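K.L.:
just a sequence and a predicted model for now, questions to come.
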Amino acid sequence: MLLVVTYSQAARQTLRNVCNGHDETVVQRFGRAALLEATELGAFLALRLRAKHAGDVQVERTAAFNEFEEAPDAVRDAASAYEDREHSSTPYAKFAVGTDHPTPDAMRGTDLSGDADRRG
Amino acid sequence: MRVTVAEENRTGRVVDLREFETPADLDVSAVVGAIRAAESARPFVIDCPEPGPAHEHVGVIRAGMELSLRPALAAAARTRGRSAPQDEDLAAVRDRLDALDPPEIDLRAARRRVAETSDAADEMRERVAALRGRVQALREADGDSEAAESDLAEATRELSEVETERIAAEQALARARERATESRERRRERLRLEDRAANLRREVREYLAGAVREAFEEARESVPASAGESVSAALAVARVADLDAPVVVASGVVGSVTAASDADSFGSVEELSAWLDAGVVTV
């Protein structure tokens, strides 16, 4: 899908107008951003916005996330283990201490493999 | 004020443009233009003090006029020296907005270069594969593969060149994207401040309008009912405000608020002017 994010009042208003006029192409609206379908019409609408508001419009292409392809086992396991923790108040950083689970810092510093970071 | 039409002058608190000997073809907007313009063009000149901020709301009063009451009342309150508790916050937000100057973002050229170099690399890779196949086939058939091998070497060298270009283009785009991220942070901050300023302006208007609301309601009650809703409101705002410059009142409105038949009538334009505490130009 195409993620369109606006950065000015005028661009946000144009995005609203575009969304109002193209319900079928809009997958989801969030305030100053919207997800458009990855069709030529979606691209046309996004490019129209960018042509009008230049740097105040950011367009990114999103991809479906397959954790089995893109996230390592350790990260998936850590997420499910943390969800099953005994005390809901335990923060993850503390939870990970003394286990094989990766620390937040370690995860922060490691990019995902594959096309997960595909942006343009 | 002093009004000049052609060579004819009239002075006073109340001037009726219809009484001039050579009544120029003057509509309401031309008259108000002459009041607001710093220098107005002959043959039509109105010499009067500069209009204050409320004048743009109620400087012209005519039947069926549109009036945004809250902004008009807020402007009127300002002319009375009122201020709002949010004024300082609003000024601070405006200062911060002025100081924010997000750098231009234009990644278009960088994106195009990535697409082009990537296409070129793909093409060259296919050519290298095809040549490699040809060399292989010639060798297996014990044919003369010398020319094909030299083509392959040349294509391989070119592939390495376009690959290098592609990588350079991708790195340039990545760097440009990083700079864009910084600029977007500032743009996001600007949008947040603009929204905050808009909210503060609304609060200021509400506060200021509230400060003169009672005086306004009182004034409105003393306008003859025949004036109609928007005219009554505009006249009441004009009374509450300190206008400095004269108000342009359409003759139809003057007629309806000075009619002798109405018990609440102002009776005369002079009375209306006194009630408004402002000069009146009748068109």
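P.N.:
Here it is on my side, so go on.
K.L.:
how about the residues of chain A by chain B?
P.N.:
A:Y7, A:S8, A:Q9, A:R12, A:R32, A:A54, A:G55, A:D56, A:Q58, A:R119, A:G120 (Cβ under 8 Å from any Cβ of the partner chain). C-beta: built from backbone N, CA, C; applies to glycine.
K.L.:
ok, 7 Å please
P.N.:
A:Y7, A:S8, A:Q9, A:G55, A:D56, A:Q58, A:G120 (Cβ under 7 Å from any Cβ of the partner chain).
K.L.:
I figured the fifth one was touching A:Q9, is that so?
P.N.:
Pointing back at A:D56 there. No - counting by Cβ atoms under 7 Å, A:D56 does not reach A:Q9; the two are 9.2 Å apart.
K.L.:
so which of the two has more stuff around it?
P.N.:
A:D56 (25 against 15; other Cβ atoms under 10 Å in any protein chain shown).
K.L.:
distance of that one from A:A43?
P.N.:
18 Å (Cβ to Cβ, to the nearest Å).
K.L.:
re earlier: which of the residues of chain A next to chain B has the most neighbours?
P.N.:
Neighbour max across the residues of chain A next to chain B (other Cβ under 10 Å) = A:D56, 25 neighbours.
K.L.:
show me what contacts that one?
P.N.:
Contacts here follow Cβ atoms under 7 Å, 6 or more residues apart in numbering or on different chains; on that basis A:D56 touches A:T6, A:Y7, A:S8, A:A11, B:R187.
K.L.:
now render the residues you listed as TSV, adding pLDDT and secondary structure.
P.N.:
Formatted as TSV, those follow (pLDDT from 0 to 100; DSSP: H, G, I helix; E, B strand; the rest coil):
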residue	pLDDT	secondary structure
A:T6	97	strand
A:Y7	96	coil
A:S8	95	coil
A:A11	97	helix
B:R187	95	helix
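K.L.:
how much space between A:R29 and chain B?
P.N.:
17 Å (Cβ to the nearest Cβ, to the nearest Å).
K.L.:
helix/strand/coil for that residue?
P.N.:
Of the three states, A:R29 takes strand according to DSSP: H, G, I helix; E, B strand; the rest coil.
K.L.:
and the closest residue to it other than its chain neighbours, how many residues sit next to it?
P.N.:
Using Cβ to Cβ, 6 or more residues apart in numbering or on different chains and skipping residues adjacent in sequence, the residue nearest A:R29 is A:C19, 5.4 Å away. A:C19 has 17 neighbouring residues, counting by other Cβ under 10 Å.
K.L.:
what distance separates the helix or strand containing A:C19 from the middle of the whole chain?
P.N.:
Here A:C19 sits within helix A:9-21, counting by DSSP states H and E. Offset of helix A:9-21 from its chain centre (Cα atoms, centre = their mean, to the nearest Å): 21 Å.
K.L.:
now it: buried residues?
P.N.:
A:A11, A:R12, A:T14, A:L15, A:V18, A:C19 (16 or more other Cβ atoms under 10 Å in any protein chain shown).
K.L.:
what's the answer for stretch B:102-122, then?
P.N.:
For stretch B:102-122, by 16+ other Cβ under 10 Å, it's B:P102, B:I105, B:L107, B:A110, B:R113, B:V114, B:T117, B:S118, B:A120, B:A121.
K.L.:
go on, stretch B:91-101?
P.N.:
B:V93.
K.L.:
touching chain A at all, it?
P.N.:
No - Stretch B:91-101 lies out of reach of chain A by Cβ under 7 Å from any Cβ, never closer than 11.6 Å.
K.L.:
what about the helices in the stretch 151-283 of chain B?
P.N.:
Counting by DSSP state H, counting those that start in this stretch, the stretch 151-283 of chain B has these helices, from start to end: B:229-240, B:251-258, B:269-276.
K.L.:
distance of B:A148 from A:T90?
P.N.:
From B:A148 to A:T90 the distance is 67 Å (Cβ to Cβ).
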